[in-house]
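Enquirer: sequence and computational prediction follow.
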Amino acid sequence: MLTQDPMPELSASISKLLESLGHRKPYQASLAGAAGSGRHYWRIGAAPASHIVLMSHPQDADYERFLEVTKALRIAGLRVPTLFGHDDQALQVVLEDLGSSLHLDRMRRRHDQPQEQQRLCRTVVQALHEWQIKGEAAMAHCPWLCDRYFDHAALRWETEYFTRRYLGDVCGMGSAPESDTALMAEFEHLAETVAGHPLTLMHRDFQSQNLMWRKEEVWFIDYQGARYGSLWYDLGSFLWDPYVCLHATLRRELFEEFCALSGIAPETGWKPFLEASLQRLMQALGAYGFLTRHKGLTWFEQHLGPGRALLEECLELHGEMPELRRTLAEGTAY
């Protein structure tokens, strides 16, 4: 939940830039968003003449990466906000205001309109396909998009994160899962398998709070973690999103829509899709555990139950990983 504390002081150069964009002190400012990373987004002014000021912090290792990736994605023709200027000493950035229509909010407002939800999600799947196609061009001239791979080590980091922060902290199992060699062998095999998927530019956090609707088009935010990785990971992030919890029938329809766009036979793509989805669901549960138990962000607690239910559903479809099923059954259900 967002607070409404006073906006921190802006640097002289950012104030001057805002003045050139038509804003005058004292600014009309409101907190537009906050990320688990500690970044804060302030809306200056009112629509249609508003702008966003991103305020980062000295521990933000992705600040410079965000700037360079934004430029590259814009050049490639992807719908990310215009970058008007930045003060690297103050770690402040002025961005185009995309509004406040998150995909999450649109889906919730249409909870009783399944056909409209289907339309919205199909548009997002089409946008993901566009991201992957145009992302190849972005990678060609942006070293920042090529310096990270979602490789075996990154995939094992995710399941280690899940082991410590969800199984250990949330399910009350302590360090016991970390010494379970059979469980670790399953995670090792999953990482090897997903690392062998066809590769594309991943958003890395392609979920309903990082997708904006503007003029009936899908725009991308929070993409500074983009990297080369599994073709299926972002689709898994979206279709198994614990914030939304799509019906299984709609999830399958959207999976087939993606396959049609990508020229992949559904029977060929189904298993790798589930593999990447398992990875993503475990990452999400690990993140919820960390944010609630170690960062005090209790708002994320409400998503632990849905996230676990989706993981169990995905495991059932996958049909393998008996040690993970056993471990979940032994831990505290949440």
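Expert: Cool, the structure landed. The structure displayed is predicted, hence computed values, not measured ones.

Enquirer: contacts, neighbours, all on C-alpha from now
Expert: OK.

Enquirer: shouldn't Ala32 be in contact with Arg39?
Expert: No. Using CA atoms under 8 Å, Ala32 is not in contact with Arg39, being 11.1 Å away.

Enquirer: what pLDDT does His141 get?
Expert: His141 is assigned 83 on the pLDDT scale.

Enquirer: same check on Gln4?
Expert: Gln4 is given a pLDDT of 59.

Enquirer: how about Gly36?
Expert: So, for Gly36, pLDDT stands at 65.

Enquirer: returning to that earlier point: between Ala32 and Arg39, who's got more neighbours?
Expert: Ala32 (19 against 16; other CA atoms under 10 Å).

Enquirer: tell me the secondary structure for the more buried one?
Expert: strand (DSSP: H, G, I helix; E, B strand; the rest coil).

Enquirer: ok, now Gln126?
Expert: helix.

Enquirer: hmm, it is touching Phe258, no?
Expert: Yes. Assessed by CA under 8 Å, Gln126 is found in contact with Phe258 at 7.3 Å.

Enquirer: what about the two, which has more around it?
Expert: Neighbour tally, Gln126 and Phe258, criterion other CA under 10 Å: the higher count belongs to Phe258, 21 against 16.

Enquirer: distance of the closest residue to that one other than its chain neighbours relative to Gly77?
Expert: In space, and not counting its chain neighbours, Phe258 is closest to Val125: 6.2 Å by CA to CA, 6 or more residues apart in numbering. Plainly put, Val125 is 17 Å away from Gly77 if you go by CA to CA, to the nearest Å.

Enquirer: who has more neighbours out of these two?
Expert: Higher neighbour count among Val125 and Gly77: Val125, with 21 against 14, using other CA under 10 Å.

Enquirer: pretty sure that one contacts Glu257?
Expert: Yes. Val125 lies in contact with Glu257 (CA under 8 Å); the separation is 7.5 Å.

Enquirer: domain-wise, how is this structure divided?
Expert: The record's domain split for the chain, according to automatic domain parsing, is 12-96, 103-330.

Enquirer: pick the most buried one from the ones you listed.
Expert: domain 103-330 (a mean of 18; mean count of other CA atoms under 10 Å).

Enquirer: so what's the gap between that one and the chain middle?
Expert: The chain centre lies 8 Å from the centre of domain 103-330; the measure is CA atoms, centre = their mean, to the nearest Å.

Enquirer: and the end-to-end length of that domain?
Expert: Domain 103-330: ends 35 Å apart by CA to CA.

Enquirer: host element of the nearest residue to Thr123 once chain neighbours are set aside?
Expert: Closest residue in space to Thr123, ignoring its immediate chain neighbours: Val218 at 7.4 Å, by CA to CA, 6+ apart. Using DSSP states H and E, Val218 sits in strand 217-220.

Enquirer: that strand: what's the following helix or strand?
Expert: strand 227-230.

Enquirer: model confidence over that next one, on average?
Expert: For strand 227-230, the per-residue pLDDT averages 96.

Enquirer: ok, and what's touching it?
Expert: 145-151, 194-204, 276 (CA atoms under 8 Å, 6 or more residues apart in numbering).

Enquirer: quick one: Gly331 and Asp169 touch, right?
Expert: No. Gly331 lies out of contact with Asp169 (CA under 8 Å); the separation is 10.5 Å.

Enquirer: in the protein, which spans are helices?
Expert: 12-20, 63-75, 103-109, 114-140, 152-162, 181-195, 233-239, 248-262, 266-293, 304-318, 322-330 (DSSP state H).

Enquirer: so where's the stretch 201-334 of the chain shaky on pLDDT?
Expert: Scanning the stretch 201-334 of the chain for pLDDT under 70 picks out 333-334.

Enquirer: excluding chain neighbours, what is closest to Met184?
Expert: Glu178 (7.3 Å).

Enquirer: pLDDT score for the one you found?
Expert: Value for Glu178, per-residue pLDDT: 96.

Enquirer: ok, it to Leu155 distance?
Expert: 16 Å.

Enquirer: report the separation between the residue positioned nearest the centre of the chain and Ile44.
Expert: The centre of the chain sits closest to Asp205, judged by CA atoms, centre = their mean, with a distance of 1.9 Å. To Ile44, Asp205 is 26 Å away according to CA to CA.

Enquirer: with His318 instead?
Expert: From His318 to Ile44 the distance is 47 Å (CA to CA).

Enquirer: what's the answer for Gly229, then?
Expert: Using CA to CA, Gly229 is found at 36 Å from Ile44.

Enquirer: same question for Leu281.
Expert: Following CA to CA, the distance that separates Leu281 from Ile44 is 35 Å.

Enquirer: ditto for Pro81
Expert: 15 Å.

Enquirer: check Gly168 too.
Expert: Gly168 is 42 Å from Ile44, by CA to CA.

Enquirer: next: Gln115.
Expert: 36 Å.

Enquirer: swap in Ile264?
Expert: 45 Å.
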